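K.L.:
No sequence on hand, only this structure:
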């Protein structure tokens, strides 16, 4: 008695590399690192906590606020935490890439994605999307919590009004772009300490130096212009309330940026740094 075995069909599988697969792998790496969860958690909690604290402690002398005054108050309260949250985002943007360089994992990443550009682009997409979502959650939860608090103090504003909605949206964009800027510096420097020194120095130290120079030169136009072109100053225009949308202009007092002008300057910073980073990634060894 003989037995016959039916031939088994094996489906040939090919290791095709797709953009979706690379992004998925980068997402897995990002959420598997504990520091990522801590950073995003801190961003959300800081934005909400500072917004709620500011609205609770604010006093308007029993006077009802309407119009621009009310809208400006709502925007400033719910974006008050961004100046701290943006520093956390810069740290996260640095760690997401310098951590791989320090552990040597970047070699495995580039071995899996030989062109390298795809891996860097996937990291940037994952970083941008997650940072934007986390910051947006913090801002809008803060806005929803502070609305009844401010309404009890006769400050009532519709959050859907463009003059309120756009600055709140711009705040999330600002934090996201700073994270990408730090990410680009991380690729260029390949050192956590060096990247943090550069990114935080650009955000914190340079504005202080320019402020001192402005005082010493009695507000020279060139100092005002250079200050306006710094990432922190330009980015702050994205979530600053303006009753009228003034155009970008160069006046006797130096360069003045509106929201769109600030977005353009900050975008130029991010594009320039990432372009240099991609060029170096292709030319250097991992």
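P.N.:
Happy to help now that I have it. For clarity, every value in this text was computed on a predicted model and none was experimentally measured.
K.L.:
In which helix or strand does the residue nearest to the spatial centre of the chain reside?
P.N.:
Nearest residue to the geometric centre of the chain (CA atoms, centre = their mean): residue 176, 1.9 Å. Applying DSSP states H and E as the criterion places residue 176 in helix 162-189.
K.L.:
What pLDDT is listed against residue 15?
P.N.:
On the pLDDT scale, residue 15 is placed at 54.
K.L.:
Then the one 4 residues further on?
P.N.:
Confidence at residue 19, expressed as pLDDT, is 81.
K.L.:
where exactly do the strands run in this structure?
P.N.:
Secondary structure of the chain, counting by DSSP state E: strands at 249-251, 254-256.
K.L.:
lowest-confidence stretch among those?
P.N.:
strand 249-251 (a mean of 46).
K.L.:
in the helix holding residue 176, what counts as buried?
P.N.:
163-164, 166-189 (16 or more other CB atoms under 10 Å). Placement of C-beta: from N, CA and C, glycine included.
K.L.:
Which strands or helices does it pack on?
P.N.:
helix 67-78, helix 82-103, helix 117-151, helix 192-200, helix 231-236, helix 259-283 (3 or more CB pairs under 8 Å, 6 or more residues apart in numbering; DSSP states H and E).
K.L.:
The same query, at a cut-off of 6 Å, please.
P.N.:
helix 67-78, helix 82-103, helix 117-151, helix 192-200, helix 259-283 (3 or more CB pairs under 6 Å, 6 or more residues apart in numbering; DSSP states H and E).
K.L.:
residues of the longest one that come out buried?
P.N.:
Which is helix 117-151. Quick answer for helix 117-151 (16+ other CB under 10 Å): 118-124, 126-128, 130-132, 134-143, 146-147, 149-150.
K.L.:
Check the burial of residue 34 by counting its neighbours.
P.N.:
8 (other CB atoms under 10 Å).
K.L.:
sorry, that was for residue 29
P.N.:
Neighbours of residue 29 (other CB under 10 Å): 18.
K.L.:
for the one 3 residues further on, same thing?
P.N.:
In terms of burial, residue 32 registers 9 neighbours under the definition other CB under 10 Å.
K.L.:
related to what we said a few turns ago, hang on, isn't the residue nearest to the centre of the chain packed against residue 131?
P.N.:
Yes: taking CB atoms under 6 Å as the definition, residue 176 is a contact partner of residue 131 at 4.6 Å.
K.L.:
Name the nearest residue to residue 125, ignoring sequence neighbours.
P.N.:
residue 23 (5.9 Å; CB to CB, 6 or more residues apart in numbering).
K.L.:
What's the separation between the one you found and residue 92?
P.N.:
18 Å (CB to CB, to the nearest Å).
K.L.:
who has more neighbours, the two?
P.N.:
residue 92 (25 against 18).
K.L.:
wait, what's in contact with residue 90?
P.N.:
With contacts defined as CB atoms under 6 Å, 6 or more residues apart in numbering, the neighbours of residue 90 are 178, 182, 199.
K.L.:
Redo these as CSV? Include distance to residue 226.
P.N.:
Converted to CSV, the contacts of residue 90 look like this (distance: CB to CB, whole Å):
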residue, distance to residue 226
178, 19
182, 21
199, 18
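K.L.:
Can you tell me which of those lies closest to residue 270?
P.N.:
Nearest to residue 270 among these, counting by CB to CB, is residue 178 at 8.6 Å.
K.L.:
The closest one and residue 87 touch, don't they?
P.N.:
No: counting by CB under 6 Å, residue 178 stays clear of residue 87, with 8.5 Å between them.
K.L.:
Find the residues that touch each one of these two.
P.N.:
With CB under 6 Å, 6+ apart, residue 178 and residue 87 have no common neighbours.
K.L.:
ok so, going back, which one of the contacts of residue 90 is nearest residue 217?
P.N.:
residue 199 (26.8 Å).
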